[in-house]
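Novice: coords please:
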Amino acid sequence: VDSENPKILLQRTSKTGNSNYRNKLVDKALLDLKVGDKIGKVHVVSVDFNRANLSIVDKKYSGGQGRVRLHLTMASSDTKANQTQTVDKALDLPKHHPFKYLHKGDIISDLHVVGVEVKNDIPYIELSNLNGAKLLITKELETNSLCSGVVTSYAAHNGGVWLSISPSVSGFVSGLELTKDASMLESLERSFPIGTRIDVMVIRREKGRLDLSALMAEEKKKNSNFSFHQHAFKPKRGDLVVGRINRLLETVKGPALMMSLRGQYIARCCLTELNEKDDWVNMPIGKDVDLSFNENDDITTRQGDFFHGKYVSCRILGSSRKHCMNISLRKSRIEGNLEADTVPTQGDIIQAYVENTNRKGCFVRISSQVRGRIILKELSQDFVPDPVSTFPPGRLIRAKVKSSSCSNSMTTFDLDMRESSLLENDDTVKFEDLEEGSKVKGTISRVERFGVFVKLDNSHLTGMSHLSECSDKFVEKLEDLFDPGDRVKALILDINTET
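Specialist: Numbers count the residues shown, from 1 in each chain. Coordinates of the predicted model:
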């Protein structure tokens, strides 16, 4: 040994043993935690949409392999943190999300344990800062039980909201079970933003899916004996309810607008009950939807003002058949007027909607309880080459009442649509009255591949607008732009006196 330059020889050893021992102590301490135990402070390790990963400040819980977490369903909507250092920017989370203002490195206080679990020898500790929070599993949520959840997403076509109830449990609330205020349902994103907590009651549990109701949760809070099974959903005549337009339902006694109601009931609105009589329009519900579509498809067919998924207030008029109600959307009905429409008399000029057409003529609806029929030769003064396409269901027509008959509580009128019946001779526009450059009004009588035929108002005259003159934009199919019965304005380009 060199006494002047002493040396100490060291040998490298592994710390694995001490580290493993320390980890085991920490993990044991975590596993000793029980549901309800208070946790003073935690550091925020990371944040995503569903969870905040945490680290308990107390040293005996620091380290180890255990995972300490706060799920969004276990977080208070006003979760506050003391920001110790800005390590990371906040996530771009929705305004109402419980983690909106959490950052990595923040400290959260006053939590409690709601769950302890071991997976692959790793402890998982679930915490909460929400009073009364409890971890739930699907099988614990029986029909009629109450719980709360956080809005996480929306169903297609404004159909409802998905809630996260617990880390492993989610459920669905249809729009009809959220509120009775139709205006709030116009935009679920605005009325029930992501992150909003909603109290709900379980109304159905099938194949692991939970169907929930916020409306019934309100009833349950008022009356503890209230239950889904005792709740009478069936609407009665005069009830004011909210319906959701459902263009995917098979039409009952068409043409009619079909809707979904609460309690798996459906409803039909006769075209005559969509608007007040003075506000009737041609083809009010547009084209029929292909029933091969499903709820998640983008329905692009023409639907008028009554598009799929729209919520409306409606008045119950009565039953059409089992689980199907007759309803009205008329403003006067909504305000409480349930009186039947005035029955027309012989000689009256009336409006009606085409119900169906065949080779003999067509049936029309004058009101929900009054029908009319027009024989083929009285559909028009002119020859009609294809009555079925010229008078499709939903077309609005004018006709003169000839006579009436009653059967099975339904009154049927014989009608005449010929111009000679509708017009007084002194009021008619004659061919010699027309000039090139004049603007006229009329009704589309036929839609062909090459153009549309327009019946001029107050006349026996018909004009034709070529495909190239029907729109300033390119039109591939005229039937996608016009329907028989549409009211139009036109400019006379040419008058051919030789035809």
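
Novice: What is the burial count for the closest residue to Asp58 other than its chain neighbours?
Specialist: Using CB to CB, 6 or more residues apart in numbering and skipping the chain neighbours, the partner closest in space to Asp58 is Gly40 (6.9 Å). Heads up, the C-betas are built off the backbone N, CA and C, glycines and all. Taking other CB atoms under 10 Å as the neighbour definition, Gly40 ends up with a count of 11.

Novice: can you pull the contacts of Gly40?
Specialist: Val57, Asp58, Ser109, Asp110 (CB atoms under 8 Å, 6 or more residues apart in numbering).

Novice: 10 Å instead?
Specialist: Ile56, Val57, Asp58, Ile107, Ser109, Asp110, Leu111 (CB atoms under 10 Å, 6 or more residues apart in numbering).

Novice: Tell me the spacing between the nearest residue to Leu185 once chain neighbours are set aside and Ile39.
Specialist: Distance criterion CB to CB, 6+ apart; nearest residue to Leu185, sequence neighbours excluded, is Tyr311 at 3.9 Å. Using CB to CB, to the nearest Å, we find Tyr311 at a distance of 44 Å from Ile39.

Novice: Same question for Lys28.
Specialist: For Lys28 relative to Ile39 (CB to CB), the value is 17 Å.

Novice: the more surrounded of the two?
Specialist: Counted by other CB under 10 Å, Lys28 and Ile39 do not tie: Ile39 has more neighbours, with 22 against 13.

Novice: Wait, the more buried one touches Tyr61, no?
Specialist: Yes - applying CB atoms under 10 Å, one finds Ile39 in contact with Tyr61, separated by 8.5 Å.

Novice: Now list whatever residues contact both of those two.
Specialist: Residues touching both Ile39 and Tyr61 by CB under 10 Å, 6+ apart: Leu33, Val68, Ile125.

Novice: Can you report how many residues neighbour the second one?
Specialist: Here the neighbour count serves as a burial measure; for Val68 (other CB under 10 Å) it reads 24.

Novice: That one sits in which helix or strand?
Specialist: Using DSSP states H and E, Val68 maps to strand 67-71.

Novice: ditto for the first one
Specialist: Assigned by DSSP H and E, Leu33 belongs to neither a helix nor a strand.

Novice: where do the helices sit along the protein?
Specialist: Using DSSP state H, the helices found in the chain span residues 16-31, 188-191, 214-222, 331-334, 387-390, 419-422.

Novice: And those helices, which one averages the lowest pLDDT?
Specialist: Of all those, the minimum mean pLDDT falls on helix 16-31 (a mean of 63).

Novice: Now for Gly336, how many residues are close by?
Specialist: Residues near Gly336, counting by other CB under 10 Å, number 9.

Novice: Assess the claim that it and Asp239 are in contact.
Specialist: No - counting by CB under 10 Å, Asp239 is not a contact partner of Gly336; they are 11.5 Å apart.

Novice: Mind listing the shared neighbours of these two?
Specialist: Listed as contacting both Gly336 and Asp239 by CB under 10 Å, 6+ apart are Arg315.

Novice: pLDDT below threshold where in the stretch 201-350 of the chain?
Specialist: For the stretch 201-350 of the chain, applying pLDDT under 70 flags the ranges 230-232, 287-304.

Novice: Break down it into its strands, ranges please.
Specialist: 209-213, 240-245, 256-260, 266-270, 311-321, 324-328, 349-358 (DSSP state E, counting those that start in this stretch).

Novice: just the angle between the second one and strand 324-328, please?
Specialist: Read it as strand 240-245. Strand 240-245 runs at 100 degrees relative to strand 324-328, counting by axes from the mean of the first three to the mean of the last three CA atoms, to 10 degrees.

Novice: Report the buried residues of strand 240-245.
Specialist: Residues of strand 240-245 classed as buried by neighbour count (16 or more other CB atoms under 10 Å): Val241, Val242, Gly243, Arg244, Ile245.

Novice: Repeat that for the longest one.
Specialist: Of the residues in strand 311-321, Tyr311, Val312, Ser313, Cys314, Arg315, Ile316, Leu317, Ser319, Ser320 count as buried by neighbour count, 16+ other CB under 10 Å.

Novice: Same check on the fourth one?
Specialist: Residues Ile266, Ala267, Arg268, Cys269, Cys270 are the ones in strand 266-270 that count as buried (16+ other CB under 10 Å).

Novice: swap in the last one?
Specialist: Of the residues in strand 349-358, Ile350, Ala352, Tyr353, Val354, Glu355, Thr357 count as buried by neighbour count, 16+ other CB under 10 Å.

Novice: contacting residues around Ser459?
Specialist: Residues counted as contacts of Ser459 (CB under 10 Å, 6+ apart) are Glu419, Leu423, Asp427, Thr428, Val429, Lys430, Phe431, Asp433, Leu434, Val440, Gly442.
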